[in-house]
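Visitor: here is a sequence with its predicted model. Questions after.
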Amino acid sequence: MVYRVKNLEKSFGENQVLKKVNFEVEANEKIVIIGPSGGGKSTLLRCLNLLEEPTGGAIYYHDMKLNRRNYKKIQGKIGMVFQSFQLFDNMTVIENITLAPILNKLMPKDQAYREAREYLKQIHLEDKEDVYPSSLSGGQKQRVAIVRTLLMNPEVILFDEPTSALDPEMIEEVLNLIMEVSKKNITMIVVTHELNFAKNFATRVLFVDGGTIVEDGPTQEVFEHPKSERLQQFLNIIK
């Protein structure tokens, strides 16, 4: 068991965004979280790596209850890919990719650069290692951000709407890379509105609305046989 979430709650002032959320995540699962905007999807994801600190309940990572004091023990094992890329504009592509593993002493600089170049070749950006993010397209930036996460050799990768900031023609190249990453032994949890991608990628789908998990089940079952009226409405609107 990678994650065990028990009665998770998160409030911002008087606004309760997550309400008694419960679920578990097994190793190597590929989970997609769907739901309407403002329903709590991204907040839930950000709680899983303590970017947002829960106001109630508990999150267990391999039976260790996560908190600010012990998170550093497992920080490198949980990667995060943001919708806004989060690249450093004053660093080249290869410097962005290798910064974390070098600073955290996960590997020496020469090894980090060697592995980074291998990844850049795989995503057809080997000629971009010395350029700055400002010269990249949105799709290229997101692929670099994913490679940066992979170089940390994480056990889990969390994706927070990784294509929402992209132009339509750039979405496919990022989704294709995520599909390629899914072949690795990595647990992946993706918040997305790309339902066709979700159907092909996910082994399991969580439908989040109003701060709760309304449905949780195998991908085909959730999409083809929704149990709740709320999920049926959501899928009809998206279609």
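Guide: That came in fine, so what should we check first? Numbers count the residues shown, from 1 in each chain.

Visitor: nearest residue to the middle of this protein?
Guide: Among the residues of the chain, residue 159 comes closest to the average C-alpha position under CA atoms, centre = their mean, at 1.6 Å.

Visitor: is it true that that residue lies in a helix?
Guide: No: the assignment for residue 159, made by DSSP: H, G, I helix; E, B strand; the rest coil, is strand rather than a helix.

Visitor: right, and it touches residue 177 too?
Guide: No: with contact defined as CB atoms under 8 Å, residue 159 does not count as touching residue 177 (10.8 Å). Any C-beta I mention is one placed from the backbone N, CA and C, and that applies to glycine too.

Visitor: how close does the residue nearest to the centre of the chain sit to residue 12?
Guide: Distance from residue 159 to residue 12, counting by CB to CB, to the nearest Å: 22 Å.

Visitor: over to residue 58?
Guide: In terms of CB to CB, residue 58 sits 19 Å off from residue 12.

Visitor: higher neighbour count, those two?
Guide: When residue 58 and residue 12 are compared for neighbours, residue 58 comes out ahead with 13 against 10, by other CB atoms under 10 Å.

Visitor: I'd guess the more buried one is in a strand, am I close?
Guide: Yes: checked against three-state DSSP, residue 58 lies within a strand.

Visitor: got phi/psi on the nearest residue to residue 52 once chain neighbours are set aside?
Guide: With CB to CB, 6 or more residues apart in numbering as the criterion, residue 52 has its nearest non-adjacent residue at 4.3 Å, and that residue is residue 46. Note on residue 46: its backbone torsions stand at phi -70, psi -30 [degrees, to the nearest 10].

Visitor: with residue 209 instead?
Guide: phi -150, psi 140.

Visitor: tally of neighbours for it?
Guide: Neighbours of residue 209 using other CB under 10 Å come to 20.

Visitor: list the contacts for it?
Guide: 35-36, 39-40, 230, 234 (CB atoms under 8 Å, 6 or more residues apart in numbering).

Visitor: and if you look at residue 222?
Guide: 205, 207, 215-216, 231.

Visitor: and the furthest pair within the residues you listed?
Guide: Checked with CB to CB, the contacts of residue 222 reach their widest spread between 216 and 231, with 10.7 Å between them.

Visitor: who has more neighbours out of these two?
Guide: The neighbour comparison of residue 216 against residue 231 (other CB under 10 Å) goes to residue 231, with 20 against 16.

Visitor: buried residues in the one helix or strand the more buried one maps to?
Guide: Using DSSP states H and E, residue 231 sits within helix 229-238. Buried positions in helix 229-238, judged by neighbour count with 16 or more other CB atoms under 10 Å: 230-231, 234-235.

Visitor: from those, which two are the most distant?
Guide: Taking CB to CB, no two of the buried residues of helix 229-238 sit farther apart than 230 and 235, at 9.9 Å.
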